[in-house]
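Colleague: Provided below are the primary sequence and the corresponding predicted coordinates.
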Number of protein chains: 2
Amino acid sequence: MYFPGMPAPLGRVVEMLASLPGIGPKTAMRLGLNLLSRPAEDSQALAGALKELHEQVGFCERCGCFAEQGHCQFCDHLKRDASVICVVEQPVDVLMMERGHGFQGVYHVLHGRLSPIDGIGPESLKLPALDRRLAAGVRELILATSATVDGEATAHFLARRYQTADVVISRISRGVPEGGELEYLDEHTLSRALDQRVLWERAQP
Amino acid sequence: MYFPGMPAPLGRVVEMLASLPGIGPKTAMRLGLNLLSRPAEDSQALAGALKELHEQVGFCERCGCFAEQGHCQFCDHLKRDASVICVVEQPVDVLMMERGHGFQGVYHVLHGRLSPIDGIGPESLKLPALDRRLAAGVRELILATSATVDGEATAHFLARRYQTADVVISRISRGVPEGGELEYLDEHTLSRALDQRVLWERAQP
């Protein structure tokens, strides 16, 4: 969106905001004008936080989660069971899993998933580190890759890779999401939920 | 939205993004993660642009539009008719007016509008500068405040303030917006459009 007479510094902010996902040119313009109408300290604060973002947020050396330095808080946590590893695709998936509050094991982030169509093979995933962790002894490996074609393929690949290792391999369940009404669900989810039905006693939370 | 285990630097970016209009906590999280997943240069570039925003964008000394230094490009433009002043509420309104490409006069930004309910009186508006401009001789004053109760009150106030000055005072027209279907318009707009109908010959663009 071109505005004749727009000051160039505002234009630069708007252009960069518009490069973010879900932010169109109009929204970017509104955000830029909002920042300009607020005290200079607000823009400075956001600028400072952005500057520090990549400087301060890295990945855990062991599991690949977000970490501010060295190991993440999950790997370092004394009460967590390091013999149960939950494998996810991306660091953000760990944040999502933690929202559930139930899991007391540790994580391993692949930083990707197999995708032959995009030319992403096993060599792109953080597998050597996972190999080492399993070689050191792990009780259970929970495959929590996404329920997509690629995520499923990645889970299959991992299950085959570690089938000879002395480890229980499991996969997160699939079915009707909490609060899901059957009326609005796709047929694949429903047929999966029927196939993988569990005994009534086990289904009680 | 609280994410256990979210790195603090990411949290700071997300919190500040969520303070922008129309950006909820979920969107802010998505934007923060997107920035984190992109090269550090992108965050640095946005940080730099934000830092310069207030440093480099100010207001025209004469009319109050956005200006990078001294006078704005409209006041300094030799081909513009400085004897026709279009009065608007905010600097952004000038950008909106300029998108129409038709106006060849200059602007005056009030930096606000009368709003008794919010305690905003004439002393909050940039009126002394407008008084001086009119005293120096102006042919027409176009009142382009918004078509809201406050904007209308501000227009009335200005029309009364300058009624004795030697100047033609006009108001931007109100009616059906371009592309507007009668079916979806409110009754006030329609009755205004009927009241202020113009002769067919004048209505042709």
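Modeller: Alright, I've got the coordinates.
Colleague: going forward, measure contacts and count neighbours with C-alpha atoms only.
Modeller: OK.
Colleague: For the closest residue to chain B within chain A, list the residues it contacts.
Modeller: Here the residue of chain A nearest chain B is A:Ala47; by CA to the nearest CA that distance is 3.9 Å. If you count contacts by CA atoms under 8 Å, 6 or more residues apart in numbering or on different chains, A:Ala47 has them with B:46-48, B:50-51.
Colleague: Among these, which ones are in helices?
Modeller: Of the contacts of A:Ala47, the ones assigned to helices by DSSP state H are B:46-48, B:50-51.
Colleague: what ranges do the helices span in chain A?
Modeller: Going by DSSP H, chain A shows helices at A:8-17, A:25-37, A:40-56, A:91-98, A:127-135, A:149-161, A:187-195, A:200-203.
Colleague: Was I right to think A:Leu105 contacts A:His77?
Modeller: Actually, residue A:105 is Gly. It isn't Leu. No: judged on CA atoms under 8 Å, A:Gly105 makes no contact with A:His77 at a distance of 9.7 Å.
Colleague: Which residue of those two possesses the greater neighbour count?
Modeller: Neighbour count, other CA atoms under 10 Å in any protein chain shown: between A:Gly105 and A:His77, A:Gly105 has more, with 19 against 14.
Colleague: How far away from the center of its chain is the helix-or-strand element of chain A with minimal mean pLDDT?
Modeller: Using mean pLDDT, DSSP states H and E, helix A:200-203 stands out as the lowest-scoring helix or strand of chain A, at a mean of 76. Counting by CA atoms, centre = their mean, to the nearest Å, helix A:200-203 is centred 29 Å from the centre of its parent chain.
Colleague: one step back: I'd like to know which of the ones in helices among the contacts of A:Ala47 are buried.
Modeller: Buried members of the ones in helices among the contacts of A:Ala47, counted by 16 or more other CA atoms under 10 Å in any protein chain shown: B:46-48, B:50-51.
Colleague: Redo these as a markdown table? Include pLDDT.
Modeller: Output for those, formatted as a markdown table (pLDDT from 0 to 100):
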| residue | pLDDT |
| --- | --- |
| B:Leu46 | 93 |
| B:Ala47 | 94 |
| B:Gly48 | 92 |
| B:Leu50 | 93 |
| B:Lys51 | 92 |
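Colleague: returning to that earlier point: tell me which of the helices of chain A lies nearest to B:Arg133.
Modeller: Between B:Arg133 and the helices of chain A, the tightest spacing by CA to CA is seen for helix A:25-37, at 25.4 Å.
Colleague: pLDDT below threshold where in chain A?
Modeller: Scanning chain A with the threshold set as pLDDT under 70 gives A:1-2, A:205.
Colleague: hang on, isn't A:Ser124 packed against A:Pro116?
Modeller: No: using CA under 8 Å, A:Ser124 makes no contact with A:Pro116, being 11.3 Å away.
Colleague: Just name the closest of the contacts of A:Ala47 to chain A, please.
Modeller: Closest to chain A, out of all of the contacts of A:Ala47 and judged by CA to the nearest CA, is B:Ala47, at 3.9 Å.
Colleague: Which residue, other than its chain neighbours, is closest to the closest one?
Modeller: A:Ala47 (3.9 Å; CA to CA, 6 or more residues apart in numbering or on different chains).
Colleague: and what of A:His71?
Modeller: A:Cys60 (4.6 Å).
Colleague: Near that neighbour, how many other residues are there?
Modeller: When neighbours are counted by other CA under 10 Å, A:Cys60 comes out with 21.
Colleague: ditto for A:Leu53
Modeller: 24.
Colleague: cool, and A:Arg197?
Modeller: 13.
Colleague: what's the spacing between it and B:Gly102?
Modeller: Between A:Arg197 and B:Gly102 the computed distance is 68 Å (CA to CA, to the nearest Å).
Colleague: and what of A:Cys72?
Modeller: A:Cys72 is 59 Å from B:Gly102, by CA to CA.
Colleague: Which one's more surrounded, those two?
Modeller: A:Cys72 (22 against 8).
Colleague: Quick check: closest non-adjacent residue to that one.
Modeller: In space, A:Cys72 is closest to A:Cys60, 5.0 Å off (CA to CA, 6+ apart).
Colleague: which ones are touching the one you found?
Modeller: Shown in contact with A:Cys60 (CA under 8 Å, 6+ apart): A:66-72.
Colleague: Show me those that map onto strands.
Modeller: Among those, the members found in strands (DSSP state E) are A:66-67.
Colleague: who wins for most neighbours among the contacts of A:Cys60?
Modeller: A:Phe66 (24 neighbours).
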